[in-house]
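Peer 1: Coordinates for the following, if possible.
(2 chains)
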2 protein chains.
Amino acid sequence: MFRPEIKVVDCTIRDGGLMNNSHFPHELVENVYRALCEARVDYVELGYRNSKKMFSTDEYGAWRFCDEEDLRRVVDGVDPGDTKLAVMMDAHKSFPEDVMPADESLVDMIRVATYVKDIDKAIRLAKVADDQGYEVAVNIMAISHEGGMFLDEALQQINSETNAKAVYVVDSFGSLYSEQIHYYVGKYLDHIEGKEIGIHCHNNQQLAFANTIEAIIKGANYVDGTLYGMGRAAGNCPLELLLGFLKNPKFNLKPLLRVIGESIMPLTREWQWGYRIPYMITGILNQHPSSAMAWLDADDSNTDDYIRFYDKVTEDDRPT
Amino acid sequence: MFRPEIKVVDCTIRDGGLMNNSHFPHELVENVYRALCEARVDYVELGYRNSKKMFSTDEYGAWRFCDEEDLRRVVDGVDPGDTKLAVMMDAHKSFPEDVMPADESLVDMIRVATYVKDIDKAIRLAKVADDQGYEVAVNIMAISHEGGMFLDEALQQINSETNAKAVYVVDSFGSLYSEQIHYYVGKYLDHIEGKEIGIHCHNNQQLAFANTIEAIIKGANYVDGTLYGMGRAAGNCPLELLLGFLKNPKFNLKPLLRVIGESIMPLTREWQWGYRIPYMITGILNQHPSSAMAWLDADDSNTDDYIRFYDKVTEDDRPT
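Peer 2: Got it, this is the predicted structure:
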């Protein structure tokens, strides 16, 4: 697949930070950033710029806030080529007044993450970011929970009220099959004009890469991936697979192979992400993976008793 | 997806045996078989019935040969319900004279695995198996290497010369994308009449489950999976994901969850299968994973030097 409009967005450090409260050493982040620039990935999202009023700086690491001085330590001395820098702001965990003018910042793009119910906060934030001079994208999380009328309204609002470059389909729970990806991308195309469609997938059912391909086939042009699929719980679409699929000759796979070996494989021995049965269960049940993460983190020798986990999460799910 | 014609074939022990020379304890195989019967999977393939003239019984375990007495130790005492027993015979590694009459055997189905180049051996074997009273399927391996004129001829021969119930698309190297799966299933449908199409995928690019779904959507009705994706190298389509996707209410997921926890997770600590970068590299290069398996098995602390591996296999691949 070679379509020059396709933009690849790496969010290894941002989504990976949901595993470890965004505690990554600066040296690791620099090595990741350097490799992604060499690979000529279009955007690198180095973390969240969320509010310190809502996240304790004792508990959360630098990449939950992406202060300019932390970004500078990482990007200084690296030739970015055409690679742009992005941060994510959660609509419900950050404030418009924290958006400084773009010409005082290293950041090129602000991605606003939102649930459908918070769409008005997201639009306000997207407008401020646009006014301050940033590129803007809006990532609508958990659409598998709110995919009907309210999603339609949210898309119409984003379309008419913001200058977002891209609006994302986000399969937060890794629950969607290809036919649903086709449905959602089609729905976005029906409501969005003059903006691109994006895709961000989770791997609970080992479908993150496949669903990203399906979204691309249907017309999505902003595509998220992470190195070796690193990300919350089952992780994300592996960036190295995505670059193998995209035929645009500008991309280089080898820097990704290098940095996965050097910087990511050591993390696999510390943090476990990727396909595991409890994540698969929350995926097929269309649930947030938090129950599975807690189950696997518990100091319990019975984490392989998957029937007990299944019964627990289906019991929790039952209306009372 | 609920289409009553769909038959699910588990090949955990058969494909998993390519990791460990088919050395599985009888107790483990019995636990797997019992769970698959409880889950109401249509066929359970417990191993190969290959020739002892071609495989040393010192080197290879019971499940490379599936002697009747080994099968009996496992299935005795288990209520199979409607679940049938299958074995695989490699066209180039077994002999027609080893096919005993079906009414003297516990086996219901013989699956003949073949390369396109060995198709005449495969057809001879399929005919003998049919004559002896078995259900027969033909699995055409490595079609990503021989997908053109010779594949067409092979399909025509199988169609006209055998009574196979199913003819399989086998993505041996895990190299195919969804559009190629559509292409191959379409090609099979063009050449095959009165027989079903099957799909057997490997997971080098994390596409085994997704490609199985795509084949089903295009009309494949015999679908292979393995517990937790256990199988050679990157492994196969995870059976538990497949049953989550298929909506036929006859299937039970819970016995699979139980046996994965009890019998398969302990094997993950002994044998490594699943997505790893060297398997991904051979996948995108459309190569047999043997070089990657050797690389990862080597007593070498530099197995994470993926650029060296990439250079090695692309160098090996270059015409001289």
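Peer 1: From here on, just use CA atoms for contacts and neighbour counts.
Peer 2: Will do.
Peer 1: where's residue A:6 relative to chain B, distance?
Peer 2: 18 Å (CA to the nearest CA, to the nearest Å).
Peer 1: list the contacts for the closest residue to that residue other than its chain neighbours?
Peer 2: Excluding its sequence neighbours, the residue lying closest to residue A:6 (CA to CA, 6 or more residues apart in numbering or on different chains) is residue A:221, at 4.3 Å. For residue A:221, the contact set (CA atoms under 8 Å, 6 or more residues apart in numbering or on different chains) comprises A:5, A:6, A:7, A:196, A:197, A:198.
Peer 1: Show me just the buried residues among those.
Peer 2: Buried members of these, scored by 16 or more other CA atoms under 10 Å in any protein chain shown, are A:6, A:7, A:196, A:197, A:198.
Peer 1: gap between whichever strand or helix holds residue A:85 and the chain center?
Peer 2: Using DSSP states H and E, residue A:85 maps to strand A:84-90. How far strand A:84-90 lies from its chain's middle: 10 Å, per CA atoms, centre = their mean, to the nearest Å.
Peer 1: What residues sit buried inside that strand?
Peer 2: Buried, per 16+ other CA under 10 Å, within strand A:84-90: A:84, A:85, A:86, A:87, A:88, A:89, A:90.
Peer 1: pLDDT added to those residues, as TSV?
Peer 2: Formatted as TSV, these follow (pLDDT from 0 to 100):
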residue	pLDDT
A:84	98
A:85	98
A:86	98
A:87	98
A:88	98
A:89	98
A:90	97
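Peer 1: Intersect those residues with the contacts of chain B.
Peer 2: Applying CA under 8 Å from any CA of the partner chain, the subset of the buried residues of strand A:84-90 adjacent to chain B is empty.
Peer 1: May I see those residues arranged in TSV, with distance to residue A:118 as well?
Peer 2: TSV is the format used below for the buried residues of strand A:84-90 (distance: CA to CA, whole Å):
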residue	distance to residue A:118
A:84	27
A:85	25
A:86	21
A:87	19
A:88	15
A:89	13
A:90	10
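Peer 1: How about stretch A:130-148 and chain B, touching?
Peer 2: No. Stretch A:130-148 lies apart from chain B when judged by CA under 8 Å from any CA; the minimum separation is 15.9 Å.
Peer 1: list the buried ones in stretch A:279-288?
Peer 2: Buried-residue list, stretch A:279-288, by 16+ other CA under 10 Å: A:279, A:280, A:281, A:282, A:283, A:284, A:285, A:286, A:287, A:288.
Peer 1: In whichever helix or strand residue A:213 is part of, which residues are buried?
Peer 2: Secondary structure from DSSP H and E places residue A:213 in helix A:208-218. For helix A:208-218, a neighbour-count test (16+ other CA under 10 Å) marks A:208, A:209, A:210, A:211, A:212, A:213, A:214, A:215, A:216, A:218 as buried.
Peer 1: Now do the helices for the stretch 201-320 of chain A: every range, in order, please.
Peer 2: Assigned by DSSP state H, counting those that start in this stretch, the stretch 201-320 of chain A shows helices spanning A:208-218, A:239-245, A:254-259, A:265-268, A:277-284, A:290-297, A:306-317.
Peer 1: Residue B:124 is nearest to which of those?
Peer 2: Proximity to residue B:124, assessed across those by CA to CA, is greatest for helix A:208-218 (37.9 Å).
Peer 1: if I read this right, residue A:74 contacts residue A:25, doesn't it?
Peer 2: No. Assessed by CA atoms under 8 Å, residue A:74 is found out of contact with residue A:25, at 10.0 Å.
Peer 1: neighbour count winner among those two?
Peer 2: residue A:74 (20 against 12; other CA atoms under 10 Å in any protein chain shown).
Peer 1: The closest residue to residue A:216 other than its chain neighbours pairs with what?
Peer 2: Leaving out its chain neighbours, the residue that sits closest to residue A:216 by CA to CA, 6+ apart is residue A:223, at 7.8 Å. In this entry, residue A:223 is beta-bridged to residue A:8, residue A:199, by DSSP bridges.
Peer 1: Would you mind listing what in the stretch 201-320 of chain A touches chain B?
Peer 2: A:205-207, A:209-210, A:241, A:244, A:254, A:257-258, A:261-262, A:265, A:277, A:280, A:284, A:304-307.
Peer 1: Would you mind writing the PyMOL command to select the buried ones in those residues?
Peer 2: The following PyMOL line selects those of these that are buried, judged by 16+ other CA under 10 Å:
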select buried, chain A and resi 205+206+207+209+210+241+244+254+257+258+261+262+277+280+284+304+305+306+307
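Peer 1: Name the residues of stretch A:18-28 that come out as buried.
Peer 2: For stretch A:18-28, by 16+ other CA under 10 Å, it's A:18, A:19, A:20, A:21, A:22, A:23, A:24, A:28.
Peer 1: Let's have those in a markdown table, adding pLDDT and distance to chain B.
Peer 2: Below are those laid out as a markdown table (pLDDT from 0 to 100; distance: CA to the nearest CA, whole Å):
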| residue | pLDDT | distance to chain B |
| --- | --- | --- |
| A:18 | 95 | 22 |
| A:19 | 94 | 20 |
| A:20 | 95 | 22 |
| A:21 | 96 | 26 |
| A:22 | 97 | 24 |
| A:23 | 97 | 23 |
| A:24 | 97 | 20 |
| A:28 | 98 | 16 |
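Peer 1: give me every residue that touches residue A:199.
Peer 2: Contacts of residue A:199 (CA under 8 Å, 6+ apart): A:168, A:169, A:170, A:212, A:215, A:220, A:222, A:223, A:224.
Peer 1: if you set the cut-off to 6 Å instead, what comes out?
Peer 2: By CA atoms under 6 Å, 6 or more residues apart in numbering or on different chains, the contact set of residue A:199 is A:168, A:169, A:223.
Peer 1: nearest spatial neighbour of residue A:130, skipping sequence neighbours?
Peer 2: Per CA to CA, 6+ apart, closest to residue A:130 is residue A:136, 6.4 Å.
Peer 1: For chain B, give me its nearest residue in the stretch 1-150 of chain A.
Peer 2: Nearest to chain B, among the residues of the stretch 1-150 of chain A, is residue A:1, at 10.7 Å (CA to the nearest CA).
Peer 1: unless I'm mixing things up, that residue is touching residue A:244, no?
Peer 2: No. Using CA atoms under 6 Å, residue A:1 is not in contact with residue A:244, being 9.8 Å away.
Peer 1: Mind listing the shared neighbours of those two?
Peer 2: With CA under 6 Å, 6+ apart, residue A:1 and residue A:244 have no common neighbours.
Peer 1: how near is residue A:106 to residue A:187?
Peer 2: With distances taken as CA to CA, to the nearest Å, residue A:106 is found 34 Å from residue A:187.
Peer 1: returning to that earlier point: average model confidence for the helix holding residue A:213?
Peer 2: Averaging pLDDT along helix A:208-218 yields 98.
Peer 1: Repeat that for stretch A:310-320.
Peer 2: In the prediction, stretch A:310-320 has an average pLDDT of 77.
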